[in-house]
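A.B. asks: next input, structure requested:
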Amino acid sequence: MPIINRIAEFHDDMKTWRQHLHANPELGFDCFETAAFVRQRLEEFGVDEIHDGIAQTGLVAIINGQGEGPTIGLRADMDALPIQEARDLPYKSKIDGKMHACGHDGHTSMLLGAARYLAETRNFKGRVALIFQPAEEGGAGGDAMCKEGIMERFEVGQVYGIHNFPGMPFGFMGGRAGPLLAAADEFQINITGQGGHAAMPNTTVDSVMIAVQIAQALQTIVSRNLDPVDNAVLSITRIETGTSHNIVPASAFMQGTVRTMKVETRDMIVTRMRAIVEQVAAALGGSAELNYDYGYPATVNHPRETAFALDVARSVAGEALVSDEVPPSMGAEDFAYMLERRPGAYLCLGTGEGAGLHHPEFDFNDEASPIGASYFVKLVETAQPLS
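C.D. replies: This next block holds a predicted model:
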């Protein structure tokens with residue numbers, strides 16, 4: 001595997017950075033110590049500009065190449081998850097209830113490794129914008145950074161990201177043009193009936209039965225309203241109602257998630273949900289209200305940039321370990337917001353066997369760091385060559 005030799009030389013440094021970040025996780029936008037650590041490393045590398053405080057704790061670092069040219073953006077997320085770490089690692093999380101269970105510590109160390117090499121060599125024209133983002137895990141930090149104008153302010157022409165995937169073969173790199181990850185939405189349903197004695201159900205409007213009927217009817221949307229070759233998930237994950245065995249409750253609450261790949265599919269599902277929720281409740285004598293919260297949009301890779309990114313991946317991982325047909329996943333990623341504003345691509349990096357993402361025993365495979373860093377570097381040098 002043709003990892004850049006100089007990056008291989010400071011592999012141990014990247015491992016040290018990553019394990020420091022793993023031991024000191026921060027959530028959401030509160031990545032203050034993480035951002036300070038990143039800034040200190042960037043200053044040591046001698047990057048040309050560091051702009052911090054974007055979306056509270058985000059940073060953008062600029063490295064100038066040799067001669068005029070465009071700006072390419074490279075992004076890493078920095079935040080951890082509210083999970084109690086289960087493994088007793090030497091660098092185990094020092095903070096109860098917080099851990100890097102998705103590998104953002106690895107993403108950050110890979111981009112730091114690329115920054116170190118690019119600042120040393122500057123074997124490219126134009127500029128590279130290194131984007132270190134907080135709040136990927138539900139906070140839409142990528143959207144916040146874009147809304148604060150990073151794409152326009154730093155004249156980013158194209159943008160790239162990568163995510164580690166345990167369970168994929170070590171060193172594998174892949175993606176696909178078009179939707180790779182799903183839009184992720186939440187919904188709540190408030191049901192109102194009429195409470196009463198369970199021995200006299202004829203005097204009540206049973207909110208439990210309304211909830212059950214709505215839950216069953218909602219499952220017909222994907223099976224009966226969606227084109228069978230399309231993808232969507234509608235999961236009801238919470239139903240709360242009642243206080244006793246002999247009381248028909250007056251109200252019920254339901255909650256769940258919807259995952260879609262296409263805007264038109266998303267719109268259809270919301271329309272059908274609203275009709276089912278309101279009309280089923282009315283048919284049973286009660287009422288119900290759907291509150292639908294639009295979350296991250298689908299992560300949609302741009303065709304030309306995806307083909308380019310995969311060609312670069314082949315130069316790092318080799319033809320046999322690269323695929324342009326990675327199946328879409330119903331997971332979500334707020335890099336989607338950056339891809340809505342600029343052309344680019346998001347790829348997967350296989351890290352071999354190990355606990356899955358968001359698992360309390362997860363740990364990023366440090367052996368993958370030189371691969372990711374080499375990929376980032378090759379993106380820049382190939383997109384903006386000196387000659």
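A.B. asks: can you count the residues close to residue 304?
C.D. replies: Residues within reach of residue 304, counting by other CB atoms under 10 Å, total 12. In short, each C-beta sits where N, CA and C put it, glycine included.
A.B. asks: and it, helix, strand or coil?
C.D. replies: In terms of secondary structure, residue 304 is helix; the call rests on DSSP: H, G, I helix; E, B strand; the rest coil.
A.B. asks: residue 343 is in contact with that one, correct?
C.D. replies: Yes. In terms of CB atoms under 8 Å, residue 304 counts as a neighbour of residue 343; the distance is 7.1 Å.
A.B. asks: just the buried residues of the helix or strand harbouring residue 107, please?
C.D. replies: Secondary structure assigned from DSSP states H and E places residue 107 in helix 104-121. Across helix 104-121, burial judged by 16 or more other CB atoms under 10 Å covers 104-119.
A.B. asks: now that helix, how far from the centre of its chain.
C.D. replies: For helix 104-121, the separation from the chain centroid amounts to 19 Å (computed by CA atoms, centre = their mean, to the nearest Å).
A.B. asks: the helix or strand that it is followed by - what's its average pLDDT?
C.D. replies: Tracing the chain past helix 104-121, the next element assigned as helix or strand by DSSP H and E is strand 127-133. Averaging pLDDT along strand 127-133 yields 99.
A.B. asks: helices and strands around the next helix or strand after strand 127-133, which ones?
C.D. replies: For strand 127-133, the following helix or strand on the C-terminal side (DSSP H and E) is helix 141-147. Using 3 or more CB pairs under 8 Å, 6 or more residues apart in numbering; DSSP states H and E, the elements in contact with helix 141-147 are strand 58-64, strand 71-77, strand 127-133, helix 335-341.
A.B. asks: the strands in the stretch 151-300 of the chain, which residues?
C.D. replies: Taking DSSP state E, counting those that start in this stretch, the strands of the stretch 151-300 of the chain run over residues 156-165, 173-174, 178-181, 183-192, 196-197, 232-241, 247-248, 251-260, 287-296, 299-301.
A.B. asks: list just the nearest of the buried residues of helix 104-121 to residue 187.
C.D. replies: Checking the buried residues of helix 104-121 against residue 187 by CB to CB gives residue 104 as the nearest, at 27.2 Å.
A.B. asks: residue contacts, residue 265?
C.D. replies: Listed by CB atoms under 8 Å, 6 or more residues apart in numbering, the contact partners of residue 265 are 226, 230-232.
A.B. asks: got any ranges where the stretch 1-150 of the chain has weak pLDDT?
C.D. replies: Counting by pLDDT under 70, the stretch 1-150 of the chain shows low-confidence ranges at 1.
A.B. asks: which members of the buried residues of helix 104-121 define the maximum pairwise distance?
C.D. replies: Going by CB to CB, the pair spanning the buried residues of helix 104-121 furthest: 104 and 119, at 22.1 Å.
A.B. asks: list the buried ones in stretch 310-319?
C.D. replies: Buried residues in stretch 310-319 (16+ other CB under 10 Å): 310, 312-314, 316-317.
A.B. asks: in helices, which of these fall?
C.D. replies: Where those overlap with helices, as defined by DSSP state H, the overlap consists of 310, 312-314, 316-317.
A.B. asks: among the strands of the stretch 151-300 of the chain, which is nearest residue 37?
C.D. replies: strand 156-165 (19.5 Å).
A.B. asks: and the contacts of residue 265, which two are the farthest apart?
C.D. replies: 226 and 231 (8.5 Å).
A.B. asks: that older thread, reformat the strands of the stretch 151-300 of the chain as JSON lines; add mean neighbour count and mean pLDDT.
C.D. replies: Shown next, in JSON lines, are the strands of the stretch 151-300 of the chain (neighbours: other CB atoms under 10 Å; pLDDT from 0 to 100):
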{"stretch": "strand 156-165", "mean neighbour count": "25", "mean pLDDT": "98"}
{"stretch": "strand 173-174", "mean neighbour count": "24", "mean pLDDT": "98"}
{"stretch": "strand 178-181", "mean neighbour count": "22", "mean pLDDT": "97"}
{"stretch": "strand 183-192", "mean neighbour count": "20", "mean pLDDT": "98"}
{"stretch": "strand 196-197", "mean neighbour count": "14", "mean pLDDT": "98"}
{"stretch": "strand 232-241", "mean neighbour count": "15", "mean pLDDT": "98"}
{"stretch": "strand 247-248", "mean neighbour count": "18", "mean pLDDT": "98"}
{"stretch": "strand 251-260", "mean neighbour count": "21", "mean pLDDT": "98"}
{"stretch": "strand 287-296", "mean neighbour count": "16", "mean pLDDT": "98"}
{"stretch": "strand 299-301", "mean neighbour count": "26", "mean pLDDT": "98"}
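A.B. asks: need those in TSV with distance to residue 370, can you?
C.D. replies: Converted to TSV, the strands of the stretch 151-300 of the chain look like this (distance: least, CB to CB, whole Å):
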stretch	distance to residue 370
strand 156-165	13
strand 173-174	13
strand 178-181	24
strand 183-192	31
strand 196-197	67
strand 232-241	36
strand 247-248	63
strand 251-260	33
strand 287-296	30
strand 299-301	24
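A.B. asks: so which of these comes closest to residue 140?
C.D. replies: When the strands of the stretch 151-300 of the chain are ranked by proximity to residue 140, the top entry is strand 287-296, at 6.7 Å, counting by CB to CB.
A.B. asks: other SSEs contacting that closest one?
C.D. replies: In terms of contacts (3+ CB pairs under 8 Å, 6+ apart), strand 287-296 is packed against strand 183-192, helix 263-283.
A.B. asks: how is the protein divided into domains?
C.D. replies: 5-180+298-383, 183-296 (automatic domain parsing).
A.B. asks: please identify the deepest-packed of the ones you listed.
C.D. replies: Ranked by average neighbour count under the criterion mean count of other CB atoms under 10 Å, the domains of the chain are headed by domain 5-180+298-383 at a mean of 20.
A.B. asks: quick one: end-to-end distance for that domain.
C.D. replies: Separation of the first and last residues of domain 5-180+298-383 by CA to CA, to the nearest Å is 20 Å.
A.B. asks: again, but for stretch 186-203
C.D. replies: In terms of CA to CA, the two terminal residues of stretch 186-203 are separated by 34 Å.
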